[in-house]
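Asker: Fold the following.
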Amino acid sequence: MPTNSGKFWICLFFINLFASPGVGQEFSFYGRLDYSLTYADHGSATHNGVAGFSFENNFTRLGIRGTEPLGPRWDFFYRVEVGVAAEDQDNARAPLTSRPTYIGLAGPYGRLAVGRIDPVLKMAKGFVDAFDNYSTKHDRLMAGDKRHGDSLEYKSPTWQGLKAGASLLLEDEYYAEADPRRDNGNYQLSVSSGDKFFSKQKLYLAAAYGDGIEDIRAARLVVQWKTGNWVLGCLVQDTKMVSPDAVANEDRDGRGVFVSAKYSLGSWLLKAQAGTDDSGSGLIARRIYSDLGDEALQVPKVTAWAVGCEYRFNKKIRLHAEWGEFRVENYRIYDDNIVSLGVRYDF
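Answerer: Residues are numbered from 1 along each chain as shown. Below you'll find the predicted structure:
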């Protein structure tokens with residue numbers, strides 16, 4: 001049986017094989033390299049929880065995706081993607097991680113996919129998070145940003161500028177037979193107007209609701225508005241933990257909100273973001289409950305701000321910098337200050 005290292009090279013071989021000219025134009029090989037040199041006071045907000053200096057992997061990935069026509073109105077589509085973490089010493093024997101991998105059918109009535117998919121509550125955010133993928137991103141405040149295997153997803157055609165979506169966990173496979181989380185709905189619903197790229201209109205609106213997926217019951221509202229060189233955004237979310245086994249499950253119920261602003265100036269993109277959450281569901285709160293358990297007597301309230309910039313050399317490569325601060329009410333030892341400088345290359 002191949003080792004994890006062997007599987008890594010086998011994966012690269014097949015990706016290169018499918019991506020080679022002549023195999024078929026329906027295949028698309030893509031990837032991203034994104035790394036940062038980061039300094040954090042305490043590490044409560046970094047990807048890997050490391051204080052001091054660290055070399056962070058901002059979800060570097062490789063993938064294949066494509067479509068195959070099944071007739072004049074229907075297509076088979078697929079995606080196979082893996083995260084690559086071979087740069088980290090701790091991951092030397094396990095350099096690959098799970099990322100979106102699914103198959104599906106697309107036609108006049110929408111798209112249906114099955115596999116490991118980003119659920120619709122997560123994707124309702126569009127690009128409202130100015131620091132998505134970095135250690136200053138919004139999931140440090142609130143939950144609702146994970147993808148899940150063993151899931152179904154449906155996306156409707158666009159009608160009158162509106163688009164609907166639904167995600168469903170295959171709970172018989174996802175959870176063990178005696179897991180009480182089977183009793184949750186384990187679904188998400190969404191509706192949106194416009195699109196996150198502002199290709200047809202300058203306003204993007206989205207609403208989503210989820211019950212059980214990621215162990216939360218949540219309602220999310222998102223708005224983004226593009227005017228001139230500015231893109232302004234806001235996300236509001238009510239979140240309640242619904243996992244009976246979670247620490248302080250009954251108390252972790254609250255609201256989070258953040259606002260963001262981005263300004264394009266030639267090759268530069270300037271960014272700022274600020275928010276707060278008292279639901280006890282975000283990454284920092286989860287780390288507190290993991291460390292302290294029942295000794296965490298109060299639900300953490302996390303407040304954050306961040307500023308940053310990107311400089312794009314071309315469509316493929318950019319430099320990015322972030323500076324952010326997190327403050328945790330009643331748990332000051334989890335306060336964090338982060339400074340980060342990174343490079344991203346897309347292909």
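Asker: ok, G52 to Y39 distance?
Answerer: As judged by C-beta to C-beta, to the nearest Å, G52 and Y39 stand 7 Å apart. C-beta here means a position set from N, CA and C on the backbone, and glycine is covered the same way.
Asker: Between those two, point out the one with more neighbours.
Answerer: Y39 (14 against 11; other C-beta atoms under 10 Å).
Asker: gap between the helix or strand the more buried one falls within and the chain center?
Answerer: If you go by DSSP states H and E, Y39 is part of strand 27-40. Centre-to-centre, strand 27-40 and its host chain are 14 Å apart (C-alpha atoms, centre = their mean, to the nearest Å).
Asker: Give me the packing partners of it, helices and strands only.
Answerer: helix 4-19, strand 52-57, strand 61-69, strand 336-346 (3 or more C-beta pairs under 8 Å, 6 or more residues apart in numbering; DSSP states H and E).
Asker: burial of W225, as a residue count?
Answerer: Neighbours around W225, by other C-beta under 10 Å: 15.
Asker: weakest of the helices and strands packed on strand 27-40 in terms of mean pLDDT?
Answerer: Ranked by mean pLDDT, these bottom out at helix 4-19, which scores a mean of 54.
Asker: returning to what we had before: could you figure out how far the strand holding Y39 is turned away from strand 61-69?
Answerer: 150 degrees (axes from the mean of the first three to the mean of the last three C-alpha atoms, to 10 degrees).
Asker: Mean confidence (pLDDT) on strand 27-40, please.
Answerer: 96.
Asker: buried ones in that strand?
Answerer: F27, F29, G31, R32, L33, D34, Y35, S36, T38, A40 (16 or more other C-beta atoms under 10 Å).
Asker: Can you tell me what sits against that strand?
Answerer: 15-16, 18-19, 46, 50-66, 87, 133-135, 320, 322, 336-347 (C-beta atoms under 8 Å, 6 or more residues apart in numbering).
Asker: Mind doing that once more with 7 Å?
Answerer: 15, 18-19, 46, 50-66, 133-135, 336, 338-347 (C-beta atoms under 7 Å, 6 or more residues apart in numbering).
Asker: pLDDT-wise, which helix or strand of the chain ranks last?
Answerer: Lowest on mean pLDDT, DSSP states H and E among the helices and strands of the chain sits helix 4-19, with a mean of 54.
Asker: picking that back up, out of the contacts of strand 27-40, which end up buried?
Answerer: Looks like the contacts of strand 27-40 have 15, 46, 54, 56-66, 133-135, 336, 338-340, 342, 344 buried, using 16+ other C-beta under 10 Å.
Asker: Walking through the stretch 201-347 of the chain, point out its helices one by one.
Answerer: Along the stretch 201-347 of the chain, counting by DSSP state H, counting those that start in this stretch, helices occupy 283-292.
Asker: what about the strands in it?
Answerer: Taking DSSP state E, counting those that start in this stretch to define them, one finds strands in the stretch 201-347 of the chain at 203-211, 216-227, 230-241, 253-265, 268-277, 301-312, 317-329, 336-346.
Asker: Dump those strands into a markdown table; add distance to L70 as well.
Answerer: Formatted as a markdown table, those follow (distance: least, C-beta to C-beta, whole Å):
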| stretch | distance to L70 |
| --- | --- |
| strand 203-211 | 30 |
| strand 216-227 | 34 |
| strand 230-241 | 37 |
| strand 253-265 | 40 |
| strand 268-277 | 40 |
| strand 301-312 | 38 |
| strand 317-329 | 37 |
| strand 336-346 | 30 |
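Asker: For A285, find the nearest of these.
Answerer: Nearest of the strands of the stretch 201-347 of the chain to A285, taken as C-beta to C-beta: strand 301-312 at 6.5 Å.
Asker: List of residues touching that closest one?
Answerer: Under C-beta under 7 Å, 6+ apart, the answer for strand 301-312 is 131, 136, 140-141, 267-278, 282, 284-285, 318-329.
Asker: mind checking how far it is from the chain centre?
Answerer: On C-alpha atoms, centre = their mean, the centre of strand 301-312 falls 16 Å from that of its chain.
Asker: likewise stretch 148-160?
Answerer: The answer for stretch 148-160 is 17 Å, by C-alpha atoms, centre = their mean.
Asker: That stretch: which residues count as buried?
Answerer: Buried-residue list, stretch 148-160, by 16+ other C-beta under 10 Å: H148, G149, D150, S151, L152, E153, Y154, K155.
Asker: count of residues packed around L269?
Answerer: Residues near L269, counting by other C-beta under 10 Å: 19.
Asker: and it, how far is that from G275?
Answerer: For L269 relative to G275 (C-beta to C-beta), the value is 19 Å.
Asker: repeat for V120
Answerer: Distance from V120 to G275, by C-beta to C-beta: 22 Å.
Asker: of those two, who's got more company?
Answerer: V120 (26 against 23).
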